[in-house]
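Chemist: sequence first, then the predicted structure:
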Amino acid sequence: MSSELPTQTPTSLVKAAVLGAAGYSGAELCALLTRNPHFELCFAYASAGRKAEPFSSLYPRFQQQVDVLVEPWTDDEIARIKGKVDVAFLALPHEASEEVAPKLMAAGIVVVDLSGAFRLKQADLYPKFYGYEHQHPALLNEAVYSLMEWLDKPLPQLISVPGCYPTACTLALLPLLKAGLVADNCIPVINATSGVSGAGRKAALNTSFCEVGLNAYGFFKHRHRPEIEQNLGRKVVFTPHLGNFKRGILATSVVTLKAGVTAEQVKAAFHHAYANKPLVRLTATSPNVADVDGTPFCDIFWQQDGEQLVVVSAIDNLLKGAAAQAMQAANVKFGKAETAGLFAFAKAGVL
Ligand SMILES: NC(=O)C1=CN([C@@H]2O[C@H](COP(=O)(O)OP(=O)(O)OC[C@H]3O[C@@H](n4cnc5c(N)ncnc54)[C@H](OP(=O)(O)O)[C@@H]3O)[C@@H](O)[C@H]2O)C=CC1
Ligand SMILES: CC(=O)N[C@@H](CCC(=O)OP(=O)(O)O)C(=O)O
């Protein structure tokens, strides 16, 4: 080998911490960060009550793949990680995120929050839809909502990752609304079914194996309703459902189009919106959650009958609905390719 070969200047890795690493979306993030060549997973945390243990003892599938110690989180850790990490991903309950985010920001750390703590712009919606008063309403204006396919501003120090159901149905409906194709008086009707991992890893009776069949819940008052309405700029009827599969969301959204809207106009709206968006796939057949399981994609399909339009979208709730979307935002925030680390799927086989 020639000693004349230019030496590569190593680009510095973005150093990351994950809070909530023992939970489903935090664990997915640990896996994505480990596979991302631009990031280094330096610290991982669970709640204060736990003992420290290797990630692979919590998720044995990742033995010899994700090699990080999951430690108990207390605010004392902020002094320990200050100056050692560039970004902290919060995969925590909403109120825990709301409390810790400003402290991490004060330590100069970029915060990518997967919870709903900073998604809504109107603080007065939190008591009604989240059941608590927001303690840091000023941060609601500072945070940028990172639905990356529709991002129209730079990402600041506080990044609020969209909710899982809102990701699926906003990506489905926004192209039509932006193109002015939806009837002015139309209230979109959205029915969406989530796999059980949407409820997190903690045990609960309604998500235990023998209890889960297929049921609707959260009529009119689910916290994702105001988030979807904020995204779409109009009222919606949103009804979530729980299905007996592990992961994935299938959303079926129904709208009335303006009189005379053609199939070509609808097609153009979707193609224009997603032509250069690598994580949205416009599909030729109605999507199946099994086809997005373990992937960072949102698959979208539509059928029109005169003024009625049905749009079906499918995502993996833990990936495009949570961890992959957070990774996508962090990639952009730190100047990396938007999809870095996202195509090394956990599932490589055809089934
Ligand atoms: N599951 C999903 O499909 C999606 C989830 N989200 C959001 O991501 C966040 C995490 O969800 P999910 O992964 O499902 O939740 P899980 O219940 O699976 O995990 C939550 C994690 O947070 C930790 N934790 C809880 N309270 C605290 C606290 N006060 N301080 C530090 N750590 C704490 C838990 O620790 P321990 O294990 O020790 O209890 C656990 O590691 C939520 O805000 C959720 O709304 C967003 C999109 C989709
Ligand atoms: C099946 C299930 O219970 N799903 C959760 C939503 C998933 C989630 O964690 O919500 P975010 O996207 O807002 O974080 C629910 O309905 O509350």
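Modeler: Happy to help now that I have it. Numbering: from 1, shown residues only. Ligands and ions are numbered 1, 2, ... in the order given.

Chemist: CA atoms for contacts and neighbours, from now on please.
Modeler: OK.

Chemist: what is the burial count for the residue of the chain found nearest ligand 2?
Modeler: In the chain, the residue that lies nearest ligand 2 is Gly163 (3.2 Å; C-alpha to the nearest ligand atom). Using other C-alpha atoms under 10 Å, Gly163 is surrounded by 23 other residues.

Chemist: list the buried residues of stretch 198-209.
Modeler: If you call a residue buried by 16 or more other C-alpha atoms under 10 Å, then stretch 198-209 has these buried ones: 198, 207.

Chemist: for Asp305, give its distance to Gly260.
Modeler: As for Asp305, its distance to Gly260 is 11 Å (criterion: C-alpha to C-alpha, to the nearest Å).

Chemist: one step back: distance check, the residue of the chain closest to ligand 2 against ligand 1.
Modeler: Distance, Gly163 to ligand 1, by C-alpha to the nearest ligand atom, to the nearest Å: 5 Å.

Chemist: isn't Ser160 up against Val112?
Modeler: Yes - under the criterion of C-alpha atoms under 8 Å, Ser160 makes contact with Val112 at 6.1 Å.

Chemist: alongside ligand 2, which residues does the protein contribute?
Modeler: Listed as neighbours of ligand 2 in the chain under the rule C-alpha under 6 Å from any ligand atom: 115-116, 163-164, 194-196, 198-199, 242.

Chemist: scan those residues and report the most crowded one.
Modeler: Ser194 (27 neighbours).

Chemist: show me the contacts for that residue.
Modeler: Residues near Ser194 by C-alpha atoms under 8 Å, 6 or more residues apart in numbering: 240-243, 247-250, 317.

Chemist: what's the closest of those residues to ligand 1?
Modeler: Asn317 (4.5 Å).

Chemist: secondary structure class for the closest one?
Modeler: Using DSSP: H, G, I helix; E, B strand; the rest coil, the three-state assignment for Asn317 comes out as coil.

Chemist: what of Val311?
Modeler: strand.

Chemist: once you drop chain neighbours, what's closest to it?
Modeler: With sequence-adjacent residues excluded and distances taken as C-alpha to C-alpha, 6 or more residues apart in numbering, Val311 is closest to Trp302, at 4.3 Å.

Chemist: can I assume that neighbour is in contact with Leu309?
Modeler: Yes - between Trp302 and Leu309 there is a contact under C-alpha under 8 Å: 7.0 Å.

Chemist: so these two - more neighbours on which side?
Modeler: Applying other C-alpha under 10 Å to Trp302 and Leu309 shows that Trp302 carries more neighbours, namely 22 against 18.

Chemist: just to revisit the earlier point, the residue of the chain closest to ligand 2: what's it in contact with?
Modeler: 114-116, 224, 321-322.

Chemist: can you list contacts of the one helix or strand Met105 maps to?
Modeler: Taking DSSP states H and E as the definition, Met105 sits inside helix 94-106. Here helix 94-106 makes contact (C-alpha under 8 Å, 6+ apart) with 75, 78, 88, 90-91, 110-111, 113, 115-118, 134-136, 157-158.

Chemist: those residues: which ones sit near ligand 1?
Modeler: 91, 115-116.

Chemist: so where do the strands sit in the stretch 1-150 of the chain?
Modeler: Using DSSP state E, counting those that start in this stretch, the strands found in the stretch 1-150 of the chain span residues 14-19, 39-46, 53-54, 69-72, 87-90, 110-113, 144-145.

Chemist: domains in this protein, as residue ranges please.
Modeler: By the assignment in automatic domain parsing, the chain contains the domains 14-162+319-345, 164-315.

Chemist: reformat those domains as a markdown table; add mean pLDDT.
Modeler: Formatted as a markdown table, those follow (pLDDT from 0 to 100):
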| stretch | mean pLDDT |
| --- | --- |
| domain 14-162+319-345 | 97 |
| domain 164-315 | 98 |
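
Chemist: list the contacts of Glu211.
Modeler: By C-alpha under 8 Å, 6+ apart, Glu211 lies in contact with Leu205.

Chemist: can you pull the residues of the stretch 101-250 of the chain lying near ligand 1?
Modeler: Within reach of ligand 1 by C-alpha under 6 Å from any ligand atom, the stretch 101-250 of the chain has these residues: 114-116, 163-164, 197-202.
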